[in-house]
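**Student:** sharing a model prediction with you, sequence too.
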Amino acid sequence: MSSTRDERVDNALQQLLERLVPPQQPPETPSHADQRWDEANELARDLLDREREPGVADDVNQAADLINRRLVREGDGRPERASRFGGLYSRLLAQPVLGQKWGILYFLWRVSEGQGVDGHGIDARLSVDGAVRVGRGDGEQEDEDGDEHNGEEEEEAVFDEAFARTGLPRVPKVKGSGSPRHSPMRERPAPGRPRPTQQTPLSSEAQPEHNGAAGKREPSEAALLRDLPFTLQGLASTNLPFSDKSSLKLPPALPVPLIALLHALAEPSLLYRSLSEFVESSEGGLVGQSLRSAIGQELRSYLGLVATLEGQIRRALAQLDDSLPHAGLGKAGVTLKRCVIWTREATLGLRLMSMVVESTKGKKGGELISLIHNLATSHGDAFVYTFAERLLASITRPFYNMLRAWIYDGELEDPYREFFVSENTDYEDSGATSVWENKYLLKDAMIPSIVTPDFAQRVYLSGKSLNFIRYGCHDSAWVESYSKEASRELKYGDTANLGQSIDEAYKTVMARLIWLMETKFALAEHLAALKKYLLLGQGDFIALLMESLASNLDRPANSQYRHTLTAQLEHAIRNSNAQFDSADVLRRLDARMLELSHGEIGWDVFTLEYRVDSPLDVIVTPWASKQYLKIFNFLWRVKRVEFALATTWRRVQTGARGVLGAVSDKLGADWKSARLGLAGMVHLVDQLQYYILFEVIEASWSGLQKAIQNTASGTVTLDTLISAHTAYLRSITRKGLLGGAGGVDFTAQLHELLKLMLNYRDAVDGLYSFSVAEFTKRQEMSARIETRTRAGRWGLTEADDDDDDPASAGNAKSKGAGRPRKGEGFDESVIPTLLPLGGGGADGERNVLEQLRQRLRSLEVDFKARVNVLLGDLACQPDVDMRFLGVMMNFNNVPPKE
């Protein structure tokens, strides 16, 4: 291990002497040159062999006390400088990285005293003739006899005396055989003076520039400095050629320190070449081209530094003196090491730009801006922050130009799809709904980090609204005037003005769009018309329409004609309050037939239609139109059942005082049961209609009205109106028993109940027809008896008894009708039966009545069972209104539960 260390020391000493001791001069003999080399070598080895112990102990407090005393002494007793030193001393002690704090303080104290660092003041100088002269700090020349020991003892005495005065203790010398020592330099053979090597003569082109002295390194530092400006610009030179675009070839004969300096200078050269290639390329979008422009501007600043450096080098090379060591290059003020220092900050900038270029591959637009912005915000170095901010100011210009065109003109100027708003390539123009919802998309990945998501959403809505006003509402004149008045320049760094501009543009555009919807296109009026006509809110109109269409809709669906339905619709409008609506509203209302199916009647396929065109169809979307149609068909069916039950109920109540009262002895119990069933069904339908029309539709309409009326506050947007209208329809379909709430299909249950009510109505109508037939039969019998009695014959015969019901015969007898004599008019029948009964005679009549009774009873049982299921499902719903509907339907046990 020690031998390896000795070899390294010898090699280092050899290289040091080769640099310091001048080579053989032209008038000098080789023996004289060898003598100079040997003297320098012996002096250096003697200095290395001396036992250098530390002059002081590592007492940091004592060193600080020395400095403090000196500051007080030089400050005439004033403590300001000493107090300031105390603060600096405390900060020095708090630094955990510095390990030799006492050495730092001791060094500063000795420098302030004007002495050498080691206290000995040894100074080695070179004479004019190249001989080595070794002297002391006091200027006395040392004797040539080499009596170093006496000088060392005197030096130690002076040194001890100096430290005794300050009170610093001496560290005792390490003595003893066990102390670590290395072999003395004198015991190792000294290397000889290097001789110049014999070289083959070179051609004039390959001859080095400086070849005066044998053994001089090639190329010289002056030659390297002359080529350095070209190298820093990425251009090849004689001494520093580029082997390829990513590597620089250095001369092989240069010493290691120069190689290290050239390595440091090669980095900006190679970085400049790669960045120049990037700047000259034309790939990427507008933001990418702005990045190239910004980097190109930074490279031009770098070239300005290179030009300044080239001027300094030329002036330094013009002052070279070949008679001085290194041609006096150090005195000229320009060396390779100074060039490294001068280009250090530029190298950092080139390094950052190269890192940015590598990181931005495959990124564009907002992604690229976010990358550089994150570099500025997440890095603590002020140089990196300033550099990134300077880049952002340049590369964000295309972004802010696109932003300005979007929020002030409603136009998307983005040929490379770099903006966070993009046009949908799959968009098909099928109305205002598709224009508003599908024409433009918001890309979250392209939102730069310099804006917040809420800010991006406002920008997206502002531009989309302007575009919709221009092309959907056909109000391009206002857009042009607004753009001229409100347009302003947007730039990076002006955050306050930018946010204010976006907020103002957002409020202005939204207010204009809502104003157009309310005034020019009468949104509220059309929504009210939809409620009145498709949600059956106009009661007198619906009642007249149903009465006028009842006879037509009872016929098969394939026998319905469009002109007939249209005529009846106009009749209902002229004879109701609907006639006072605007012509535009009535023009949009129409009657049409749905798709026909086999066996359907007019009630099943009739529907009303309210046509909504652009731009109102952005709110009343095709989905909303289907929901309106669905709600109308359901309410129309409920209204039909109510109309049918009401018609039958009026007939039954009117007949109870006439026809039905006359046959109450035979059918009184049946009509009592039928009236109870009809009353239960009427109650169910009335409660269902009340719930849907008032509890559901009116409550939802109130919420929609509040959303529309909030437009004056400036917080309502077109998306808000669309969402409010969608929520309005969803609330109606969900709470109106038209959707599967909680997994229960109320629509199917209600359709079955309504169908069952219509069947029950038909059965009641059959019982009423039977009652009328019975009443007619009795009237005929009474007329026959009266006629026969006037003729002097028996009022009833055996043949009449066989044909008539025994109960009817009993009634006839109770009326006091006489019985004709036996044998008179036996086969005569003056008035035939008006209602033919199946099976003939009393048996056929009894069969028909029994069938009617069984059908009514079965329908009542089925109705009660289905109602119980419906009430049970309603009781389990989470919505309070739906649970209360079940309570209202079952009020006073109507219909009663089993």
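**Tutor:** Noted; the coordinates are in hand. Numbering: from 1, shown residues only.

**Student:** just the strands in the stretch 551-700 of the chain please.
**Tutor:** With strands called from DSSP state E, counting those that start in this stretch, the stretch 551-700 of the chain shows them at 589-593, 606-610.

**Student:** would JSON lines of those with mean neighbour count, mean pLDDT and distance to A260 be doable?
**Tutor:** Just so you know, the C-beta spots here come from the backbone N, C-alpha and C atoms, and that holds for glycine as well. Conversion of these to JSON lines gives the following (neighbours: other Cβ atoms under 10 Å; pLDDT from 0 to 100; distance: least, Cβ to Cβ, whole Å):
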{"stretch": "strand 589-593", "mean neighbour count": "17", "mean pLDDT": "90", "distance to A260": "92"}
{"stretch": "strand 606-610", "mean neighbour count": "18", "mean pLDDT": "92", "distance to A260": "87"}
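
**Student:** now those strands as a markdown table including distance to Q627?
**Tutor:** Shown next, in a markdown table, are the strands of the stretch 551-700 of the chain (distance: least, Cβ to Cβ, whole Å):
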| stretch | distance to Q627 |
| --- | --- |
| strand 589-593 | 17 |
| strand 606-610 | 13 |
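
**Student:** mind checking how far A82 is from L105?
**Tutor:** The span separating A82 from L105 equals 14 Å under the rule Cβ to Cβ, to the nearest Å.

**Student:** again but with P622, I slipped
**Tutor:** 86 Å.

**Student:** for the record, mean pLDDT for the longest helix along the chain?
**Tutor:** Counting residues, the longest helix in the chain under DSSP state H turns out to be helix 746-790. For helix 746-790, mean pLDDT is 88.

**Student:** ranges for the strands of the chain?
**Tutor:** With DSSP state E, the ranges of strands along the chain come out as 123-126, 132-135, 242-244, 247-248, 421-423, 440-442, 589-593, 606-610, 740-741, 744-745.

**Student:** mind checking how far the longest helix of the chain is from the chain centre?
**Tutor:** Once both centres are worked out by Cα atoms, centre = their mean, to the nearest Å, helix 746-790 turns out to sit 70 Å from its chain's centre.

**Student:** try stretch 364-371
**Tutor:** Relative to the chain's own centre, stretch 364-371 is displaced by 14 Å; criterion: Cα atoms, centre = their mean.

**Student:** now swap in stretch 283-294 and tell me
**Tutor:** 24 Å.

**Student:** mind giving me the packing neighbours of the longest helix of the chain?
**Tutor:** The elements that helix 746-790 packs onto, with contact taken as 3 or more Cβ pairs under 8 Å, 6 or more residues apart in numbering; DSSP states H and E, are helix 622-655, helix 659-662, helix 664-690, helix 806-814, helix 841-875.

**Student:** state the mean pLDDT of the shortest one.
**Tutor:** Read that as helix 659-662. Averaging pLDDT along helix 659-662 yields 83.

**Student:** ok, and what's touching that helix?
**Tutor:** Contacts of helix 659-662 from elsewhere in the structure, counted by Cβ atoms under 8 Å, 6 or more residues apart in numbering, are 652, 655, 667, 671, 768, 771-772, 775, 778.

**Student:** can you redo these as JSON lines with distance to R397?
**Tutor:** Shown next, in JSON lines, are the contacts of helix 659-662 (distance: Cβ to Cβ, whole Å):
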{"residue": "V652", "distance to R397": "85"}
{"residue": "G655", "distance to R397": "89"}
{"residue": "L667", "distance to R397": "94"}
{"residue": "W671", "distance to R397": "90"}
{"residue": "Y768", "distance to R397": "87"}
{"residue": "S771", "distance to R397": "92"}
{"residue": "V772", "distance to R397": "92"}
{"residue": "F775", "distance to R397": "97"}
{"residue": "R778", "distance to R397": "103"}
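
**Student:** most surrounded residue in those?
**Tutor:** Using other Cβ atoms under 10 Å as the neighbour definition, the contacts of helix 659-662 reach their maximum at S771, which records 24 neighbours.

**Student:** let me know whether that one touches D665 as I believe.
**Tutor:** No: taking contact to mean Cβ atoms under 8 Å, the distance of 11.6 Å between S771 and D665 leaves them out of contact.

**Student:** residues in contact with the residue nearest to the spatial centre of the chain?
**Tutor:** To find the centre residue of the chain, average its C-alpha atoms and take the closest one (Cα atoms, centre = their mean): that gives D444, at 3.8 Å. By Cβ under 8 Å, 6+ apart, the contact list for D444 reads 420, 453.

**Student:** any idea how far it lies from V451?
**Tutor:** Summarising the geometry, the distance separating D444 from V451, computed by Cβ to Cβ, is 12 Å.
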